[in-house]
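**Q** Pasting the sequence and the predicted coordinates here, then a few questions.
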Amino acid sequence: MPSIDVCFSPELIHLFDLKGKAVVAVDILRASSTMVTAFAHGAANIIPVTQLEECRNFGQKGCMTAAERDGIKAEGFDFGNSPFSYMIPEVKGSTIAITTTNGTRAIRLSEAAEEIIIGAFLNLEAVVNHLAELQLDVLVVCAGWKGMFNLEDSLYAGAVAEQLLQRQFTSASDATLGALHLYENAKADLYQYLQASSHVQRMQRLEITKDIHFCLQHNKYDVLPVWQNDRLVNLKAETYA
């Protein structure tokens, strides 16, 4: 039977053998949630990069660009990291290059995996169904915050674990069990559970609490972003054609 494991920070990814595995890269607040939202509104491709200058260079090639650092939109780019920014007609059919503080790094560090899937609460069911079909060992890679553990990504890992364990996957480590127990304690009210968390407090100081509420919604979009040929595409693009 396939297994599920959890990497709580990209700084720990060197401890895992990614070969032959399906990685679910997650940055709930907000990169992966934003990417899912962009695809739901018709984006054709998303190119995650780690550096601001690299993202600017894609803009010179005709791509739309998105950049965020420390929760704030970087100057000179089309978008920041709010999912609400992508709910516009111009997104449909576009290629978007994006760089964020944590999420894009987690994606790029996972390139050795058999498959990379972008996960969020917004597309949880689509992700879990795809993993069940793949029948590969799964590693949820949490983007965390600047290399450190964060709560919201770990809760998402627990949500994935809860559903896959019900589908005959096995737990690969205590990390899986820890994430599962966190989610079981929090799932009745994720927003309230996260009130004391560092990133939620950071976003509240920036007065972007509506993004928090939005990103914690379950199964809003039937979207499945996966890594193909150095970019992300939506395997369910026909749903939003």
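**A** That came through fine.
**Q** Phe79 is in contact with Cys63, correct?
**A** No: contact criterion CB atoms under 8 Å: Cys63 and Phe79 do not qualify, at 11.3 Å. Backbone N, C-alpha and C define where each C-beta goes, glycine included.
**Q** overlap in contacts of those two?
**A** Here Cys63 and Phe79 have Ile96 as joint contacts, going by CB atoms under 8 Å, 6 or more residues apart in numbering.
**Q** Low-confidence stretches in this protein?
**A** Scanning the chain for pLDDT under 70 picks out 238-241.
**Q** Going along the chain, name the strands of it.
**A** Using DSSP state E, the strands found in the chain span residues 3-7, 22-26, 45-48, 64-69, 72-73, 95-99, 115-119, 138-142, 170-171, 225-228, 231-234.
**Q** Please name the nearest non-neighbouring residue to Leu151.
**A** Distance criterion CB to CB, 6 or more residues apart in numbering; nearest residue to Leu151, sequence neighbours excluded, is Ser197 at 4.3 Å.
**Q** That neighbour: how many residues sit nearby?
**A** Taking other CB atoms under 10 Å as the criterion, the count of residues near Ser197 is 18.
**Q** Thought Asn150 was touching it, still the case?
**A** Yes: at 7.0 Å, Ser197 and Asn150 qualify as touching, with contact defined as CB under 8 Å.
**Q** Give me the helices and strands touching the longest helix out of those in the chain, please.
**A** Counting residues, the longest helix in the chain under DSSP state H turns out to be helix 151-165. Applying 3 or more CB pairs under 8 Å, 6 or more residues apart in numbering; DSSP states H and E, we find helix 151-165 packed against strand 3-7, strand 22-26, helix 124-134, strand 138-142, helix 174-186, helix 190-193, helix 198-205.
**Q** what angle separates it from strand 138-142?
**A** Relative orientation of helix 151-165 versus strand 138-142 (axes from the mean of the first three to the mean of the last three CA atoms, to 10 degrees): 170 degrees.
**Q** Next one: Thr34 from Pro2, what distance?
**A** When distance is defined by CB to CB, to the nearest Å, Thr34 is 29 Å away from Pro2.
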